[in-house]
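**Student:** Got a predicted model here, sequence first, then my questions.
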4 protein chains.
Amino acid sequence: MFDKFLNIDEEKRQRVINAALKVFAARGYVAASTNEIAREAGISKGLLFHYFTSKKDLYLYLYDYAVTLLTETVERIVDFGERDYFERLKQIASVKLSVLNEHPDLLGFQKTIFFEDNAEVSAELKTRSKEIAESAYYRLLADIDKSKFRPDIDADRAIGVMLWALEGMGEAERAKHKALGTELDVPHLMEEFDKYLALFRTSFYRQ
Amino acid sequence: MFDKFLNIDEEKRQRVINAALKVFAARGYVAASTNEIAREAGISKGLLFHYFTSKKDLYLYLYDYAVTLLTETVERIVDFGERDYFERLKQIASVKLSVLNEHPDLLGFQKTIFFEDNAEVSAELKTRSKEIAESAYYRLLADIDKSKFRPDIDADRAIGVMLWALEGMGEAERAKHKALGTELDVPHLMEEFDKYLALFRTSFYRQ
Amino acid sequence: MFDKFLNIDEEKRQRVINAALKVFAARGYVAASTNEIAREAGISKGLLFHYFTSKKDLYLYLYDYAVTLLTETVERIVDFGERDYFERLKQIASVKLSVLNEHPDLLGFQKTIFFEDNAEVSAELKTRSKEIAESAYYRLLADIDKSKFRPDIDADRAIGVMLWALEGMGEAERAKHKALGTELDVPHLMEEFDKYLALFRTSFYRQ
Amino acid sequence: MFDKFLNIDEEKRQRVINAALKVFAARGYVAASTNEIAREAGISKGLLFHYFTSKKDLYLYLYDYAVTLLTETVERIVDFGERDYFERLKQIASVKLSVLNEHPDLLGFQKTIFFEDNAEVSAELKTRSKEIAESAYYRLLADIDKSKFRPDIDADRAIGVMLWALEGMGEAERAKHKALGTELDVPHLMEEFDKYLALFRTSFYRQ
DNA sequence: CATGAATGAGGGTTCATTCAT
DNA sequence: GATGAATGAACCCTCATTCAT
């Protein structure tokens, strides 16, 4: 399907991918301009369509690329033998930071996917979501040792709460830095993260 | 400014508002088509512009409409004398459900506002956000009685966590029903909600 | 045809006419907005169409109005017994100044007519131009006493030259005042006018 | 800026330029339709915007094109060493006829520029007018030998009169041929021109 | 008579996609 | 492979004209 694109120079491939991730993340599917993507990637518009046939195909390719990369990174970093929830959360954070290194806009892109409602792509997106549910990325929270949780609380819901909080914290941080125009402050983020972990440990775990 | 629109038949006004909320919520500012909004509202494109002059004005009108409606609903429902956090959370949930009744896409629209990046509107949005910060909607979490929290945990962060969880729960529910094509199941939502409240009470409050 | 309009209050009629003259003179036929005309005249858009049926009809009405008014003013002011060319030129100038008093934009409107190429109106305009050629307005230069001209020059061409110069002078003056944003300086204009008349008398007349 | 347009096939370029000159000359800036220009030039509307980005840019491009062409033609034809006014007038007429050959509507376009009132373009036009005042085109009437004029007449006003007459004659001729639907009759025009020159020589020069 | 809400065609402009080079 | 000229559909918006009130 995308063999033409897969066989080109690796550096150029990364350039195209990052350009497309950046523009889609910033503008969403409809408003993203193939012109801008081509310019950002330093290639011609014609070549972009030579590789991907259509904007939609490019978008879906990026989606698969993001899922695959995240899955592989998870496999590489996460220790599924470790059953403590907090260790897992830390590993998830590591995964994210590792990905951000190579593809600064991949996570931003991934976020927008969820809200993408465009009729042209959302149907295809839905088809794929099932496989993903079973993929490694979603195994992240499987097999947690729930015996460590206080017996008088609902461990599953507590896990959900913590994930949402993780998301919310990242979101809040991102929003703050966007508003101020500064870069993400990773050390400070880690510190904050640890404070929340402490809160959760105190509240949800047996003492 | 919007007097033409304000003086029309109430039913038609609601139709236009809900149509616009729906399309903007689903597509975002740029991708939303005035064509589609007019069609959805059952009026001509010309009339839409007769009312609002520009897409941008329509968007900003909706924004103000949403803020005003939420503020008023808050004033009507929330009891600021009640200093218990969980009671407040319940009242917030009531506000949301009350609004959803009349305007199914208003909260969805409100969510997208935050992520709206379009230069044409984000500047204006930013100007308005200050007033709002001081408005009733944001007083919701002021004046909480923190003495009820366990002394060994960080009450402020716990409050943040609960808000994120509330958001996440709503989001998850919405996503589920959108995927299945069903309407929001309010009673079930309330039940779920109560379970989370119980979890928080057990974990965060003094026993 | 325009009886509805002809039977209304005189003051309002003049208001509508002057508003329309102003807008058409300033913007030309196509770009002129009936909305703007109605606003300028202080009546509703609907009423404007009640009077005139269409923009085109309004335009042609104005055209006839201008021609009629000019013809009548000419009949009133010009002395066709006077056969000296320079006296005639002075009378023509008087006609123009008299008209400008009641209808500041009528002459400006008349100028644009000539350049109006819009397919919708130019055909009708052409039909009318013949009658006008024979009308009083164009008799202005008939019956001039050519015996006063030097025998060694072509009197007809000299007359043409003087008319073009009169036009050119008016145009130049108008352009200058438009550029500077000032009003027409009538006394100065008359002075200039006399200087050109002196030049012509010296050059074209027997001494 | 206009490199895309400058690099295309010469014949097509001329087609586009002449189409745009024609439509702008006939309708003025606002009323001119890019649709009509594209149709007249035999290209798609999209391509027109590919070349020029906006109607305004196209208009200003034409303006510069006209100025440049006129300037160059003047440099080619006019002999600035010749100080006799009538020889100059002849050369000016030659310039006009030469330009009309390649661009039948360029002079008509140039006329409309002067009256162009549209806010979008008139500001830019004003900026450019200064350079032009100093350009070759306006040097045309500099350095005239006024000693040949009769001492009892105002040479400067006489020069103005002759220019207005030249303008008027061209205008009259153009109007006549437009009304009759015929092409410009160059030999007859030259003959007429000579008659006026003779008139001026007799009237304004020392004998 | 008078209003202005309502329509829809047409305006300038953008952009995904095609295709000759 | 690689370019960018070329197309046309769809975009937001304006405006002459109609019509219910």
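**Tutor:** On my side now, so go ahead.
**Student:** Just the element for the most centrally placed residue in chain A, please.
**Tutor:** Residue closest to the average C-alpha location in chain A (C-alpha atoms, centre = their mean): A:L107, at 3.7 Å. Using DSSP states H and E, A:L107 sits in helix A:106-115.
**Student:** Residues contacting that helix, please?
**Tutor:** If you take C-beta atoms under 8 Å, 6 or more residues apart in numbering or on different chains as the criterion, helix A:106-115 is touched by A:21, A:24-26, A:28, A:62-63, A:66, A:69-70, A:96, A:99-100, A:125, B:112, B:115, B:175. All C-beta atoms are positioned from the backbone trio N, CA, C, and that covers glycine.
**Student:** For PyMOL, write the select line for the buried members of the residues you listed.
**Tutor:** Buried residues within the contacts of helix A:106-115, by 16 or more other C-beta atoms under 10 Å in any protein chain shown, are selected in PyMOL with:
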select buried, (chain A and resi 21+24+25+28+62+63+66+69+70+96+99+125) or (chain B and resi 112)
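**Student:** Near DNA strand F, list only the ones from the contacts of helix A:106-115.
**Tutor:** When contact is defined as C-beta under 7 Å from any atom of the strand, the contacts of helix A:106-115 do not meet DNA strand F at all.
**Student:** Can you verify my assumption that A:L163 contacts A:L141?
**Tutor:** Yes: between A:L163 and A:L141 there is a contact at 7.3 Å, judged by C-beta atoms under 8 Å.
**Student:** Check what pLDDT A:R128 gets.
**Tutor:** Predicted confidence (pLDDT) for A:R128: 75.
**Student:** following the lowest-mean-pLDDT helix or strand in chain A, which helix or strand shows up next?
**Tutor:** The weakest-scoring helix or strand in chain A, judged by mean pLDDT, DSSP states H and E, is helix A:136-139 (a mean of 66). Next helix or strand after helix A:136-139 toward the C-terminus (DSSP H and E): helix A:155-180.
**Student:** OK, contacts around the closest residue to chain D within chain A?
**Tutor:** Nearest residue of chain A to chain D: A:N35, at 11.4 Å (C-beta to the nearest C-beta). Residues near A:N35 by C-beta under 8 Å, 6+ apart: A:K45.
**Student:** now the helices for chain A?
**Tutor:** A:3-6, A:10-31, A:34-41, A:45-52, A:55-77, A:85-102, A:106-115, A:119-134, A:136-139, A:155-180, A:186-204 (DSSP state H).
**Student:** Which neighbouring elements make contact with the longest one?
**Tutor:** I take that to be helix A:155-180. When contacts are defined as 3 or more C-beta pairs under 8 Å, 6 or more residues apart in numbering or on different chains; DSSP states H and E, helix A:155-180 packs onto helix A:85-102, helix A:186-204, helix B:155-180, helix B:186-204.
**Student:** buried set for that helix?
**Tutor:** A:155, A:157-166, A:168-170, A:173.
**Student:** Could you check how far A:F200 is from chain B?
**Tutor:** 8 Å (C-beta to the nearest C-beta, to the nearest Å).
**Student:** need the contact list for that residue.
**Tutor:** Each residue near A:F200 by C-beta under 8 Å, 6+ apart is listed here: A:F86, A:A158, A:M162, A:A165.
**Student:** and the helices of chain A, which one's lowest on average pLDDT?
**Tutor:** helix A:136-139 (a mean of 66).
**Student:** what's the span of stretch A:147-163, first residue to last?
**Tutor:** 19 Å (C-alpha to C-alpha, to the nearest Å).
**Student:** Please tell me how far the residue lying closest to A:K45 once chain neighbours are set aside sits from D:A158.
**Tutor:** In space, and not counting its chain neighbours, A:K45 is closest to A:A38: 4.6 Å by C-beta to C-beta, 6 or more residues apart in numbering or on different chains. Between A:A38 and D:A158 the computed distance is 63 Å (C-beta to C-beta, to the nearest Å).
**Student:** Get me the contact residues on chain A for chain C.
**Tutor:** Within reach of chain C by C-beta under 8 Å from any C-beta of the partner chain, chain A has no residues at all.
**Student:** Name the residue of chain A with the shortest distance to DNA strand F.
**Tutor:** Residue of chain A nearest DNA strand F, by C-beta to the nearest atom of the strand: A:G46 (2.0 Å).
**Student:** list the contacts for that residue?
**Tutor:** By C-beta under 8 Å, 6+ apart, A:G46 lies in contact with nothing.
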